[in-house]
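[1] only the shape, not the letters, is given here:
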């Protein structure tokens, strides 16, 4: 007898991918219809699109209302705004997503953290910070989400189905991080402000310092920000010190904005992130069975500059956006205990840009434009880091977000990409492909809305992992480009939203399949895999007065080439299984106080037995937080967070190495008190 979940999957995904591909790619031609045909429906004062759908804690609409950031995510995705981020008080990207179903982050140390969306590694997603494309292929043991979350203004995650304007290579969706600028710290009539923050970590015995200075004069605004993390190695739930976990990250951010009298806004952004410390030889693992694998120096650095231009007083037919970014990421890993006896060197430079215009028509908005990126990489052995590879991509896209009636809304679009690769031994490859997507939502009743989406994304051929390009060349290992082919994904999602009084619920089933997913760490570039992820995500929230209770659940099943994925396989997906989260919070505005409790956990998973390993144990970890704004000291806030309240010894489900006899996964920090004082002026 069939199980209910199996029947749901089979019924929902039964139609063929070939038919879907033809349907979705046809949307490219549809969205390219002459704008004059749409413009006939434009009214002088068009009615606003209804905003009744809910995703997590914010109203989500298909109508993109934004100035510097990207459009709101489609229903079923993840969107975190300023209020949620302040409540979370994240110390790293792992904290940002702890309570979000379908999103997991590996490693308790920043330099090893990778984001998994529905079990798919974020190297298969389009990821940007303030519009700057993130290329994270320095070394497969280095994280892909090394970001200081202190100044985050918004986080937007498209899970699976992504719109055409999300960018190229959005095989499993997209992630967009947006940071604050000077105007976010100042009222209209203020010229200077900012804050200073000091946080003490009882587990590491160290302090983290954050300082932000903002100013505005006439039409200019500026922001300067810097942070520094300090302390010693943390201890796990058994009281054991975990080597290589000493906080060493420093970051900085500079933003200069100019708002012209005619409505145009120009913004220059520069950011810097550095982590230089003693880490495990492979920083995403907690340890190794090899006695010679002692912690060594790992030096990671990223620098980025972005120029963006937009119109804050757009008209129906003129709402332009333009951005261009330069990012350089470098890595030195001093792993001299290998037979080569040399460290790994990697340097990646990327330039990406985007130009678009959004047209407001009678039914909604249509965004059309073009984007590009150029990735250069150079690296290899410390004394012979001269291997190179280059990839560039040029894309054009159109995405329509329309309200067909008071009850029905749709978003659909397509893009065309041309991809060119130049290999390290003169190999050149040219490829081109189409991507398409369609999503719709319908208000069945005033309190029930259903939604569904499908898309196919063309992934092209990405750049190799630069750090290992010629590392083993002393033993005759050379890069081979035979049988290298572009990848393509197929994404499906369907669910419903309930909004009744103070209760909201969002649940969906999803399916992602990536054909010919690249293993860019393999010397044979033609090594590719078929990756499948399917499951369920759900979130429910009940609000009462100044409080709320929220619960989340995710069931994710990932397979690589039909088998349970091993955690040591990079650039693909990771076994997740059943995970859940709970949170409750309450505020006392008259007292300037808010407090809450959190919990996260995972159920036992025995899929690892199929690879000859042991089952993964279940766990539940609780936390508390409280924040006070003293009435007598304007601008001061005092906060305490208690993480891992019951001092649980556990390995987070996203931490890798749990199924390897050679490596040991990181155990998470034991009971930790964070004491923070912040003064805003």
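    The structure has been received and is ready for your questions. None of these values were measured; they are calculated from a predicted model. Residues are numbered from 1 along each chain as shown.

[2] helix or strand: which one has the closest residue in space to residue 181 that isn't next to it in sequence?
    Of all residues beyond its chain neighbours, the one nearest residue 181 is residue 255 (4.5 Å), with distances taken as C-beta to C-beta, 6 or more residues apart in numbering. Placement of C-beta: from N, CA and C, glycine included. Using DSSP states H and E, the element containing residue 255 is strand 249-259.

[3] return the list of strands paired to that strand, each annotated with direction.
    With DSSP bridges as the test, strand 249-259 is paired with strand 220-229 (antiparallel), strand 264-279 (antiparallel).

[4] report the rounded mean pLDDT for it.
    For strand 249-259, mean pLDDT is 97.

[5] so residue 244 is in contact with residue 283, correct?
    Yes. The pair residue 244 / residue 283 is scored as a contact, 7.2 Å apart, by C-beta atoms under 8 Å.

[6] what's the overlap in contacts for the two?
    Contact criterion C-beta atoms under 8 Å, 6 or more residues apart in numbering; residues shared by residue 244 and residue 283: residue 109.

[7] who has more neighbours out of those two?
    Neighbour count, other C-beta atoms under 10 Å: between residue 244 and residue 283, residue 283 has more, with 27 against 22.

[8] for that one, which non-adjacent residue is spatially closest?
    Using C-beta to C-beta, 6+ apart and skipping residues adjacent in sequence, the residue nearest residue 283 is residue 112, 4.7 Å away.

[9] that neighbour contacts residue 284, doesn't it?
    Yes. Assessed by C-beta under 8 Å, residue 112 is found in contact with residue 284 at 4.1 Å.

[10] can you tell me how far residue 87 is from residue 158?
    Residue 87 is 23 Å from residue 158, where distance means C-beta to C-beta, to the nearest Å.

[11] who has more neighbours, these two?
    Between residue 87 and residue 158, residue 158 has the larger neighbour count (other C-beta under 10 Å), namely 31 against 18.

[12] name the element the more buried one belongs to?
    Using DSSP H and E, residue 158 falls within strand 152-159.

[13] that strand pairs with which strands, and in what direction?
    Using DSSP bridges, the strands paired with strand 152-159 in its sheet are strand 78-80 (antiparallel), strand 173-179 (antiparallel).

[14] which of the helices or strands spans residue 85?
    Counting by DSSP H and E, the element that carries residue 85 is helix 82-88.

[15] which residues touch residue 255?
    179, 181, 182, 221, 222, 223, 267, 268, 269, 270.

[16] make it 6 Å
    181, 223, 269 (C-beta atoms under 6 Å, 6 or more residues apart in numbering).

[17] what bits of the stretch 351-500 of the chain have low per-residue confidence?
    Residue ranges of the stretch 351-500 of the chain with pLDDT under 70: 474-475.

[18] my bad, the stretch 151-300 of the chain
    Short version for the stretch 151-300 of the chain, where the test is pLDDT under 70: 291-292.

[19] what's the nearest residue to the most centrally placed residue in the chain if we skip its chain neighbours?
    The centroid of the chain falls nearest to residue 175 when counting by C-alpha atoms, centre = their mean (3.8 Å). Among residues not flanking residue 175 along the chain, residue 127 sits closest, at 4.7 Å (C-beta to C-beta, 6+ apart).

[20] same thing with residue 217?
    That would be residue 191: by C-beta to C-beta, 6+ apart, it lies 6.0 Å from residue 217.

[21] which residues of the stretch 551-681 of the chain fall in strands?
    Here the stretch 551-681 of the chain has its strands, by DSSP state E, counting those that start in this stretch, at 577-588, 593-602, 619-628, 636-643, 663-664, 672-680.
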